[in-house]
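Undergrad: below are the sequence and a predicted model; questions follow.
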Amino acid sequence: MSIGVRVALGINQADPTFRRRSRLRLAAFISPIAFLLLWTWVTKIELFSPQLLVSPFVVLQAFHELLDSGELWEHLSISLSRLGIGFLIGASSGLLFGILMALSKRVEGFFSPVFQAVRQVPSIALIPIFILLFGIDEIFKIAIVTKAAFFTVALASYEATKGVSRNYFEVAQAYKLPTYTLYTKIVIPAILPPVLTGFRIAFSRSWTILVAAELLAADSGLGHMMQMGREVFRIDIVMVGVVLTGLIGFGIDRIFKWGEANLIPWRTA
Amino acid sequence: MAYSVSIMTTQTLSRFSFLNSARGWLIPLALLLVWEIMSRQSAENAYAFASIEQIYHGLIEVISTGELQQGIAASLQRAFFGLLIGGFFGFTVGAVMAQWRVADVLIGPLYHMLRQVPLMGLVPLFSLWLGNGDPSKLVVVCLSAFYPLVLATYESLHQVEGKYREVGDVLKLSRTRTFIKILLPAALPNIFTGVSFALAFAWLATIGSEILFSAGAGLGNIMMNAQAASRMDILIILTALIGLLGFLMNYLINQVGKYLFRWRNLR
């Protein structure tokens, strides 16, 4: 994996000391626990006003409250469904588009300049335009997630397909493989590892952009919950939101990582 | 035979290359045309699709009021200082983690824990803590440059080949001197790649934070004002400008990298 991909995903390839030695595994918990203790202590002596910082227990309490009232589930399921739908549309169309653009000179000639130009615009900068075009309803949020996923996956699959060695195609030609077999047996297995990595990056970008979109304009969703908490100065609700967005991003990234490790047994890196 | 075929293809390619580049213009022109037609259809459409004429007048307007220049200056400044401050701390933390095992064990897990929260998810928290203005924006931009550089520095220093380290051992260099004379120069090209990523993230965070924090100047703030006033023309100008500036910055930093590390053939 290139350093760029690792930076984008936050992966340490150089094994940290604590992972190499089993004796040190528990040491990995030292700093997070110390962090929580410091947090509790700071709130206990009220270094900052309780309006600005509340203890972890209060955050946990707010979490229970939101869970019991059913509010949290509502926001969470709406956010996740937006993410799922947008990501599915964007990633699948991006995958097809990327492969097509890499394999067909004609498609590349027509679309690559537009693609490369639009790619330069960060998704977040498109939010205001999307709001004007689509309003602030569901379509807007799904569209922005779709955009973020589409371009990332399209680029990854385009570059992956371009990177497939010509030798493979020549072998396929020598064996007179039908086009279908060429794709299922050669192209797809060859591009799978980098494309899955592209999925991972696309997912984390989609999640960030969705949270931003919900913060700006929404009547539901995790971002909206945080925004409401901020407006009524409920720092505990805001913090529940912060922790949850982190956990969800982390959890789904783990699923992709598991997929990378288990769906591609021949992967070396 | 193969030789002649390859010549044939290059010849045909060069003969039709203008056709290929013409193809590239076809879709943008068609889109532009559709856009223009849509904008002329009805008053309702004219509001969502700004005509080219409108966009041109909008451009003149934001330039003559000085709003655009001010916004560009504010955004570029924010991205630059964010990269500088966040990048400096990121480099320091990454280097310390790579050099001392204790720091690696202590900082690493905390870093990965805190990094999981999407930056934009931290916006409500920062707005409660630091307000809606420039301090909050700067913190978000700093963080966006900080995270990638910690990782890039840590990784690049770890990737330095063992034989270089051995040279340091043979010469009985102190740890500091090994770091300055051997590890850092060897890792620098890769760290610089990290810097170029940090720049891209910083630009993203600059625009994002300006969109989400309503107070102060910046391209993102102009966009949010334009959105509130339904000024599609201004939005299109600014969005294109943001893409262009990001592209130019990326190009510039890559050229700088090529120049600085011309002694390395790795890049």
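TA: Arrived safely, thanks for sending.

Undergrad: which of the helices or strands spans A:Phe115?
TA: If you go by DSSP states H and E, A:Phe115 is part of helix A:105-119.

Undergrad: against which helices or strands is that helix packed?
TA: Applying 3 or more C-beta pairs under 8 Å, 6 or more residues apart in numbering or on different chains; DSSP states H and E, we find helix A:105-119 packed against helix A:71-103, helix A:138-162, helix B:2-41. In short, each C-beta sits where N, CA and C put it, glycine included.

Undergrad: and B:Phe88, how far from chain A?
TA: As judged by C-beta to the nearest C-beta, to the nearest Å, B:Phe88 and chain A stand 17 Å apart.

Undergrad: chain center to the helix or strand where that residue lies, what's the gap?
TA: Using DSSP H and E, the element containing B:Phe88 is helix B:67-99. Averaging C-alpha positions (C-alpha atoms, centre = their mean, to the nearest Å) puts helix B:67-99 11 Å from its chain's average.

Undergrad: which strands or helices does it pack on?
TA: For helix B:67-99, the elements it packs on are helix B:101-115, helix B:134-159, helix B:184-212, helix B:219-228, helix B:232-260, judged by 3+ C-beta pairs under 8 Å, 6+ apart.

Undergrad: what's the average pLDDT for it?
TA: What helix B:67-99 shows for mean pLDDT is 93.

Undergrad: residues of it that come out buried?
TA: By neighbour count on 16 or more other C-beta atoms under 10 Å in any protein chain shown, the buried set for helix B:67-99 is B:67-68, B:71-72, B:74-76, B:78-83, B:85-87, B:89-91, B:93-99.

Undergrad: residues near the residue in chain B positioned nearest to chain A, how many?
TA: When scored by C-beta to the nearest C-beta, chain B has B:His158 as its residue closest to chain A, at 3.2 Å. The local packing of B:His158 (other C-beta atoms under 10 Å in any protein chain shown) involves 18 other residues.

Undergrad: gap between the closest residue to B:Thr153 other than its chain neighbours and A:His224?
TA: Leaving aside its sequence neighbours, B:Thr153 sits nearest to B:Gly94 (C-beta to C-beta, 6 or more residues apart in numbering or on different chains; 2.8 Å). As judged by C-beta to C-beta, to the nearest Å, B:Gly94 and A:His224 stand 36 Å apart.

Undergrad: got it, and A:Phe111?
TA: Taken as C-beta to C-beta, the span from A:Phe111 to A:His224 is 36 Å.

Undergrad: just to revisit the earlier point, to A:Leu37, which of the helices and strands packed on helix B:67-99 lies closest?
TA: Closest approach to A:Leu37 among these is made by helix B:101-115 (12.4 Å; C-beta to C-beta).

Undergrad: which elements pack onto the strand or helix carrying B:Leu125?
TA: Counting by DSSP H and E, the element that carries B:Leu125 is helix B:123-130. Helices and strands touching helix B:123-130, as assessed by 3+ C-beta pairs under 8 Å, 6+ apart, comprise helix A:188-216, helix A:222-231, helix A:235-263, helix B:134-159.

Undergrad: what's the most buried one of these?
TA: The highest mean neighbour count among the helices and strands packed on helix B:123-130, using mean count of other C-beta atoms under 10 Å in any protein chain shown, belongs to helix B:134-159: a mean of 25.

Undergrad: pLDDT on that one, on average?
TA: Computed over helix B:134-159, the average pLDDT equals 92.

Undergrad: now do it: distance to the chain's middle.
TA: Distance of helix B:134-159 from the chain centroid (C-alpha atoms, centre = their mean) equals 12 Å.

Undergrad: now swap in stretch B:56-67 and tell me
TA: Counting by C-alpha atoms, centre = their mean, stretch B:56-67 comes out at 26 Å from the chain centroid.

Undergrad: contacting residues around A:Ser31?
TA: Remark: with contacts taken as C-beta atoms under 8 Å, 6 or more residues apart in numbering or on different chains, A:Ser31 is in contact with B:Val105, B:Leu106, B:Ile107, B:Gly108, B:Pro109, B:Leu110.

Undergrad: adding neighbour count and distance to A:Leu247, write those out as JSON lines.
TA: Output for the contacts of A:Ser31, formatted as JSON lines (neighbours: other C-beta atoms under 10 Å in any protein chain shown; distance: C-beta to C-beta, whole Å):
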{"residue": "B:Val105", "neighbour count": "21", "distance to A:Leu247": "23"}
{"residue": "B:Leu106", "neighbour count": "18", "distance to A:Leu247": "22"}
{"residue": "B:Ile107", "neighbour count": "19", "distance to A:Leu247": "21"}
{"residue": "B:Gly108", "neighbour count": "21", "distance to A:Leu247": "19"}
{"residue": "B:Pro109", "neighbour count": "20", "distance to A:Leu247": "15"}
{"residue": "B:Leu110", "neighbour count": "16", "distance to A:Leu247": "16"}
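
Undergrad: so for the residue nearest the centre of chain A, what's the pLDDT?
TA: Nearest to the geometric centre of chain A sits A:Ser204, at 1.5 Å (C-alpha atoms, centre = their mean). Note for A:Ser204: predicted pLDDT of 89.

Undergrad: that one and A:Gly251 touch, don't they?
TA: No. Taking contacts as C-beta atoms under 8 Å, A:Ser204 lies outside contact range of A:Gly251: 11.7 Å.

Undergrad: how about the contacts made by the closest residue to A:Gly259 other than its chain neighbours?
TA: Excluding the flanking residues, the one nearest A:Gly259 by C-beta to C-beta, 6+ apart is A:Leu196, at 6.2 Å. Applying C-beta under 8 Å, 6+ apart, we find A:Leu196 in contact with A:Phe256, A:Gly259, A:Glu260, A:Leu263, A:Ile264.

Undergrad: got the CA coordinates for stretch B:22-33 in CSV?
TA: Extracted C-alpha coordinates of stretch B:22-33, given in CSV (Å, rounded to 0.1, in the frame of the first residue of the first chain):
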residue,chain,number,x,y,z
ALA,B,22,-12.0,17.1,-29.3
ARG,B,23,-14.0,14.3,-27.8
GLY,B,24,-13.0,15.5,-24.4
TRP,B,25,-14.6,18.9,-25.1
LEU,B,26,-17.8,17.4,-26.4
ILE,B,27,-19.4,16.5,-23.1
PRO,B,28,-18.6,19.7,-21.3
LEU,B,29,-19.9,21.7,-24.2
ALA,B,30,-23.1,19.6,-24.4
LEU,B,31,-23.6,20.0,-20.6
LEU,B,32,-23.1,23.7,-20.9
LEU,B,33,-25.6,23.9,-23.7
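
Undergrad: which outside residues touch that stretch?
TA: Outside stretch B:22-33, the residues within contact range by C-beta under 8 Å, 6+ apart are A:Arg106, A:Gly109, A:Phe110, A:Phe111, A:Ser112, A:Pro113, A:Val114, A:Ala117, B:Ile52.

Undergrad: hmm, A:Phe97 is touching A:Leu155, no?
TA: No. Contact criterion C-beta under 8 Å: A:Phe97 and A:Leu155 do not qualify, at 9.9 Å.

Undergrad: quick check: which ranges of chain A have low pLDDT?
TA: Along chain A, the parts satisfying pLDDT under 70 run over A:1-4, A:6-24, A:265-269.
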